[in-house]
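> Below are the sequence and a predicted model; questions follow.
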Amino acid sequence: MSYFNLNDYEPVENRIRAFWQKYPQGRLLTDLQRTERPDGRIEWICRTEAYTNSEDVRPQSTGFATEIEGSSPVNRSNASENCETSSIGRCLANLGFATKGKRPSREEMSKVQRTNSRKPLTKSDWEALISRLHGCTNLNQLKAWSAYAAGFTMPDAKRNELLSIFNTHKESLSRKVDVA
């Protein structure tokens, strides 16, 4: 259950529109970096700089964001885009473009809401996840399974174990596709 109202938070799109209206000669520069974490997952880190006119040498504000591929249904296919949007939203909030008075964007608070609505993992859920994972016979099924698995909260050790099993199965399925 969420203890906040998403309508109290502004979409990043509105902040971008307001920035361009106020600073038509401004610039928003993003620097998106991809790294591999020790657990094998891909992490995206983005830094955004806002310049209010073409003569600015230093940014008037900055913003950072981090996303991990597979950490949510959105981040299964759009982690880099999600990271960049969050970074832009934070940068513009730092520049004063959080008109509803809330620094986080609606997108960021949606992520909090999704995380809070995940189901705690039980032993029977674990067994069902493993069984369903091994039942995937193609990459599309594996992608659907991955979205389903993201609906559970679990300790890092279990998540890492599941990720290892997932990666092994994915490699196996990928080899079958390459042979065909």
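Here it is on my side, so go on.
> residues of the longest helix anywhere in the chain that come out buried?
As assigned by DSSP state H, the longest helix anywhere in the chain is helix 156-179. Judged by neighbour count using 16 or more other C-beta atoms under 10 Å, the buried positions of helix 156-179 are 159, 162, 166, 170, 173. C-beta coordinates here come from the backbone N, C-alpha and C atoms, glycine included.
> Kindly state the pLDDT recorded for the last one?
Note for Leu173: predicted pLDDT of 81.
> what's near enough to touch it?
Contact partners of Leu173, counting by C-beta atoms under 8 Å, 6 or more residues apart in numbering, are 136-139, 142.
> What remains of those residues if I keep only buried residues?
Burial by neighbour count, judged by 16+ other C-beta under 10 Å, picks out 136, 142 from those.
> Save the contacts of Leu173 as CSV, and put in distance to Glu84 too.
Formatted as CSV, the contacts of Leu173 follow (distance: C-beta to C-beta, whole Å):
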residue, distance to Glu84
Cys136, 30
Thr137, 34
Asn138, 30
Leu139, 26
Leu142, 26
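> and Glu55, helix, strand or coil?
The three-state label given to Glu55 by DSSP: H, G, I helix; E, B strand; the rest coil is coil.
> for Pro59, same thing?
Assignment for Pro59 (three-state DSSP): coil.
> correct me, but it touches Thr52?
No. Counting by C-beta atoms under 8 Å, Pro59 does not reach Thr52; the two are 9.1 Å apart.
> hey, C-alpha coordinates of the helix or strand containing Gln141 in CSV?
Element membership for Gln141 (DSSP states H and E) is helix 139-149. Output of helix 139-149 as CSV, limited to C-alpha atoms (Å, rounded to 0.1, in the frame of the first residue of the first chain):
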residue,chain,number,x,y,z
LEU,A,139,13.3,-16.7,-25.2
ASN,A,140,9.8,-15.0,-25.4
GLN,A,141,8.6,-17.3,-22.7
LEU,A,142,11.7,-16.5,-20.7
LYS,A,143,11.0,-12.8,-21.0
ALA,A,144,7.5,-13.3,-19.8
TRP,A,145,8.7,-15.4,-16.9
SER,A,146,11.2,-12.6,-16.0
ALA,A,147,8.4,-10.1,-15.8
TYR,A,148,6.5,-12.4,-13.5
ALA,A,149,9.5,-13.0,-11.3
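> Which elements pack onto the next helix or strand after it?
Scanning forward in sequence from helix 139-149 by DSSP H and E, the next helix or strand is strand 152-153. For strand 152-153, the packing partners by 3 or more C-beta pairs under 8 Å, 6 or more residues apart in numbering; DSSP states H and E come out as strand 119-120.
> Past the strand it packs on, which element shows up next along the chain?
helix 123-135.
> buried ones in that next one?
Neighbour-count burial for helix 123-135 flags 129, 133 (criterion: 16+ other C-beta under 10 Å).
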